[in-house]
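S.K.: need coordinates for the following:
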Amino acid sequence: MSVLALSGGVGGAKLVLGLRVVLGTGNLAVAVNTADDFEHLGLHVSPDLDTVLYTLAGLNDPVRGWGRADESWNFMGALASLGGETWFALGDRDLAVHVERTRRLQMGETLTSIVADMASRLGVAVRIVPMTDDPVRTVVHTRDEGPLPFQDYFVRHRCAPAVAEISFAGATEARPSPAFAAAIADPELRTIVIAPSNPWLSIDPILAVPGVRRALEDARIPVIAVSPIVHGQAVKGPTAKIMRELGIEPTSSAIAHHYNGLIDGLVIDESDASDVEQIGIPVSVTRTLMNDLDDRRRLAQAVLAFAETLTGTATGS
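M.R.: Prediction:
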């Protein structure tokens, strides 16, 4: 079975790792949000791509959830002593990736080519594909601070300002990366999985790239989403907070409504089983919390088994 996953950072990467364990490396591609990318200290930083890469390579920091394990912070300490910007922390090992990526981008190489080569060098056989090679940037429009670049909202302001709207600068001019387009068109593709990443911040930017949403809507294979909501809360990050600020009740039925017309089924946590009757599409109820590798594997198995029950019933035209 060949599977394509759509993912943001930490939460999505956990499920992607579970899918890799279940499927093996050659049967999985993951399209990753790049609208969180930004230029910092003269470097091109790709937080979600790096989180997926580090997770699949076994290099991620399981405590912080982002960055590399066994990290050191000499660069940041030296930068602070010179009065430099330290609000966005770059570890010494992590810094090597940003420096090399920036160098290669400046030489004219694409983000797709760079991440494929880095994955190969780190022993990752899963196809990690950026959603686009073009610049797309998430802008969080807040009620108190006005429009904020995503990392300013997420890291500098720690998600505190109330959100009024979210937009994706550059999305209408972007194109899916060639590797992403090829993954969607793969004749061996059997299932598309939308990981439990923040729908508004991590998945919507992918869907905003022209042609992507339509391709998923027209798919003749099951498109399955995993709800990031567990008992009215997000496991990690500001999903529930943003939903409330946008006037949306943080429930799995609201997640289904957000993906209306796009997905054929939704996987929800067992604590939200009472939502099933309000969802209106096929639902799989299971434990969606992923505290360890066994949890990731078990959830991946549940998602794929659910997809099998929907094969032949996908709504794509």
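
S.K.: and Ile128, what element?
M.R.: Take DSSP states H and E as the rule and Ile128 turns out to sit in strand 127-130.

S.K.: pull the residues that contact that strand.
M.R.: By C-beta atoms under 8 Å, 6 or more residues apart in numbering, the residues outside strand 127-130 that reach it are 28-32, 34, 46, 49, 52-53, 56, 111-112, 115-116, 119, 177, 179-180, 183. Where C-beta positions appear, they are placed from N, C-alpha and C, glycine not excepted.

S.K.: weed out the non-buried ones from those.
M.R.: 28-32, 34, 46, 49, 52-53, 56, 111-112, 115-116, 119, 177, 179-180, 183 (16 or more other C-beta atoms under 10 Å).

S.K.: on that earlier part again, so which of the contacts of strand 127-130 belong to strands?
M.R.: Judged by DSSP state E, the contacts of strand 127-130 include 28-32 as members of strands.

S.K.: show me where this protein has its helices.
M.R.: Per DSSP state H, the chain carries helices over the ranges 10-23, 47-57, 74-81, 92-106, 111-121, 150-151, 178-185, 204-208, 212-217, 239-245, 252-258, 276-279, 293-310.

S.K.: packing partners for the shortest one?
M.R.: Meaning helix 150-151. Counting contacts by 3 or more C-beta pairs under 8 Å, 6 or more residues apart in numbering; DSSP states H and E, helix 150-151 packs against strand 38-40, strand 137-142.

S.K.: let's see 7 Å
M.R.: strand 137-142 (3 or more C-beta pairs under 7 Å, 6 or more residues apart in numbering; DSSP states H and E).

S.K.: go through the strand it packs on and flag the buried ones.
M.R.: Applying a neighbour-count criterion of 16+ other C-beta under 10 Å, one finds 137-140, 142 buried in strand 137-142.

S.K.: now those residues as a markdown table including distance to Ile166 and pLDDT?
M.R.: Formatted as a markdown table, the buried residues of strand 137-142 follow (distance: C-beta to C-beta, whole Å; pLDDT from 0 to 100):
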| residue | distance to Ile166 | pLDDT |
| --- | --- | --- |
| Arg137 | 11 | 98 |
| Thr138 | 7 | 98 |
| Val139 | 7 | 98 |
| Val140 | 6 | 98 |
| Thr142 | 10 | 98 |
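
S.K.: and which of these is nearest Val155?
M.R.: Among the buried residues of strand 137-142, Val140 lies closest to Val155 (C-beta to C-beta), at 11.7 Å.

S.K.: look up how far Ala162 lies from that closest one.
M.R.: To Ala162, Val140 is 10 Å away according to C-beta to C-beta, to the nearest Å.

S.K.: right, and Trp73 touches Gly91 too?
M.R.: Yes. Shown here, Trp73 and Gly91 form a contact pair, counting by C-beta atoms under 7 Å, at 6.0 Å.

S.K.: same list, the helices of the chain, but as JSON lines with mean pLDDT and distance to Asp269 please.
M.R.: Shown next, in JSON lines, are these (pLDDT from 0 to 100; distance: least, C-beta to C-beta, whole Å):
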{"stretch": "helix 10-23", "mean pLDDT": "96", "distance to Asp269": "13"}
{"stretch": "helix 47-57", "mean pLDDT": "98", "distance to Asp269": "21"}
{"stretch": "helix 74-81", "mean pLDDT": "98", "distance to Asp269": "37"}
{"stretch": "helix 92-106", "mean pLDDT": "98", "distance to Asp269": "32"}
{"stretch": "helix 111-121", "mean pLDDT": "98", "distance to Asp269": "31"}
{"stretch": "helix 150-151", "mean pLDDT": "97", "distance to Asp269": "27"}
{"stretch": "helix 178-185", "mean pLDDT": "96", "distance to Asp269": "28"}
{"stretch": "helix 204-208", "mean pLDDT": "98", "distance to Asp269": "22"}
{"stretch": "helix 212-217", "mean pLDDT": "96", "distance to Asp269": "23"}
{"stretch": "helix 239-245", "mean pLDDT": "95", "distance to Asp269": "13"}
{"stretch": "helix 252-258", "mean pLDDT": "96", "distance to Asp269": "8"}
{"stretch": "helix 276-279", "mean pLDDT": "92", "distance to Asp269": "12"}
{"stretch": "helix 293-310", "mean pLDDT": "97", "distance to Asp269": "10"}
